[in-house]
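Asks: Any chance you can model this:
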Amino acid sequence: MNAPPDSTPRRKLRLGVLATALTAVLALLCCVGGAGAFFLTELGNEEKDGAALDSGCNLGRRVNITGEMPRFAEYGEGQLRNAAVIIKVGQDRKVPARGWVIALATAMQESALRNLANSTVPASLGLPHEGVGSDHDSLGLFQQRPGWGSVEERMTPSYAAGKFYDKMIKVPDWEQRPLTVVAQRVQVSAFPDAYAKHEELAGRIVDALAGGAARTVQIAGRAVCDAARGARIAASGWTAPLAGGIVSGFRTAERPSHNGVDLAAGKRTPIHAASAGRVLVARCDPDHSGRRDCDRDGWPGKGGCGWFVDILHAGGYITRYCHMIERPHVVPGQMVTAGQVIGLSGTSGNSSGPHLHFEVHVDSDRSSRGAINPVQFMRERGAAISGSE
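Replies: Below you'll find the model as predicted:
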């Protein structure tokens, strides 16, 4: 429980923790509120308008490539049918849903989900296509070059998707690595960082076409809904930072300046990065008196986030992790993978008990203006925070 760093208005807050189902043990925790403005522009913002998604997670649903397509402002019906083909090939090959998201994001960058020909394709072949690409020898949804197959093969969406998956699954630890890293290992693009900006929308398209599949995680070789936490990464690329239940909610009536949620955790519980990204901040937040003395337990009214980390993710999302027990295990500028341990829980800063204060911000805005409710955000990505507000 904390409040974003560099803020002035702060107040003491009290929380209750349910220790067991039989005996209610009250543990008091305190956090702070408010945050100073700090804006970033790297990675930009993912487009947020789009289709109505499945509210549930239907693991038995097969994608329908001939039926009615959902509506997305960014893509037309033909492009979404191509997306459906990519997903179907992944389903047929039993590739985990994380692979479908990676494949879609790659095709979104390479061709905008259009089956592109080029100026060298003879018209006499009569190959159906949806435009002419700018690269003289690259073809199809993934803009594959001659080494990937014949002209006819590369212009066949199912073949092109299959060749992408063939190479993708050979990338070591591809399910845990950042999407842009995996896509680049397959494509060897001149713009290796460009794929990341499509990840959010690719996940939403997978959800719309395949029954919420981006919310699944692989456990013992089987897909399970809404169980991404710790080292388990959902197909969306997200995971819960730890398994503790919520002991104080987002901007409640009692705590309107509480810009995150507090998760129960004993001292030295590993804290995992919620998604791949770049560390923006990893330091001790000064208390009300301006002191940086985070190497001891905090107390109510002390002020400050204690040892904390901010991470910038694709789509302009920022996650914040407060009250660590010691210096974070990461440094500013470091790239982290989803599920990577970034520190250990504690009670430094404005706190009266061990826990993790967790925030999510949008639009690359670290201030309170960018904060949103992490509960709904994480649930939509299959990384539901356990417990209830």
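
Asks: For residue 382, see how far away the most centrally placed residue in the chain is.
Replies: By C-alpha atoms, centre = their mean, the mean C-alpha position of the chain lies nearest to residue 238, the distance being 4.0 Å. For residue 238, the distance to residue 382 (C-beta to C-beta, to the nearest Å) stands at 7 Å. Bear in mind the C-beta positions are built from the backbone N, C-alpha and C, glycine included.

Asks: Quick check: neighbours shared by these two?
Replies: residue 228 (C-beta atoms under 8 Å, 6 or more residues apart in numbering).

Asks: Below-threshold pLDDT in this protein: ranges please.
Replies: 1-56, 60, 119-136, 387-389 (pLDDT under 70).

Asks: Apply 80 and report the result again.
Replies: For the chain, the stretches with pLDDT under 80 are 1-60, 118-137, 190-192, 230-231, 386-389.

Asks: domain assignment for it?
Replies: Split into domains by automatic domain parsing, the chain comes to 1-47+236-389, 77-210.

Asks: looking at these, which is closest to residue 59?
Replies: Of all those, domain 77-210 sits nearest to residue 59, with 9.5 Å by C-beta to C-beta.

Asks: now the end-to-end length of that closest one.
Replies: In domain 77-210, first residue to last residue: 16 Å (C-alpha to C-alpha, to the nearest Å).

Asks: cool, stretch 141-153 as well?
Replies: First-to-last distance for stretch 141-153 - C-alpha to C-alpha - comes to 11 Å.

Asks: Give me the distance from it to the chain's centre.
Replies: Distance of stretch 141-153 from its chain centroid, counting by C-alpha atoms, centre = their mean, to the nearest Å, is 31 Å.

Asks: For that stretch, buried residues please.
Replies: 141-144, 148-149, 151, 153 (16 or more other C-beta atoms under 10 Å).

Asks: In strands, which of those fall?
Replies: Of the buried residues of stretch 141-153, none are assigned to strands by DSSP state E.

Asks: Could you single out the nearest of the residues you listed to residue 211?
Replies: residue 141 (22.4 Å).

Asks: Now the nearest residue to the closest one once chain neighbours are set aside: which helix or strand?
Replies: Distances taken as C-beta to C-beta, 6 or more residues apart in numbering put residue 107 closest to residue 141, at 4.5 Å, once the chain neighbours are dropped. Element membership for residue 107 (DSSP states H and E) is helix 97-111.

Asks: by contact count, what packs against that helix?
Replies: Judged by 3 or more C-beta pairs under 8 Å, 6 or more residues apart in numbering; DSSP states H and E, the packing partners of helix 97-111 are helix 77-92, helix 157-168, helix 179-187, helix 199-209.

Asks: Return the angle between stretch directions for the third one and helix 97-111.
Replies: Helix 179-187 and helix 97-111 are oriented at 70 degrees to each other (axes from the mean of the first three to the mean of the last three C-alpha atoms, to 10 degrees).

Asks: So which other helices or strands are in contact with helix 179-187?
Replies: Applying 3+ C-beta pairs under 8 Å, 6+ apart, one finds that helix 179-187 contacts helix 97-111, helix 157-168.

Asks: what's the most buried one of those helices?
Replies: Across the helices and strands packed on helix 179-187, averaging neighbours per residue (mean count of other C-beta atoms under 10 Å) puts helix 97-111 on top, at a mean of 27.

Asks: Restricting to C-alpha, output that one in CSV.
Replies: Provided in CSV are the C-alpha atoms of helix 97-111 (Å, rounded to 0.1, in the frame of the first residue of the first chain):
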residue,chain,number,x,y,z
ALA,A,97,-2.4,-19.5,-27.7
ARG,A,98,0.7,-17.3,-26.9
GLY,A,99,2.0,-18.3,-30.3
TRP,A,100,-1.2,-17.1,-32.0
VAL,A,101,-0.8,-13.6,-30.4
ILE,A,102,2.9,-13.5,-31.5
ALA,A,103,2.0,-14.6,-35.1
LEU,A,104,-0.9,-12.1,-35.4
ALA,A,105,1.2,-9.2,-34.1
THR,A,106,3.9,-10.1,-36.6
ALA,A,107,1.5,-10.2,-39.5
MET,A,108,0.0,-7.0,-38.4
GLN,A,109,3.4,-5.3,-38.6
GLU,A,110,4.5,-7.0,-41.9
SER,A,111,1.3,-6.7,-43.9
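
Asks: right, so the helices and strands packed on helix 97-111: which one is the most enclosed?
Replies: Highest mean neighbour count among the helices and strands packed on helix 97-111 (mean count of other C-beta under 10 Å): helix 199-209, with a mean of 27.
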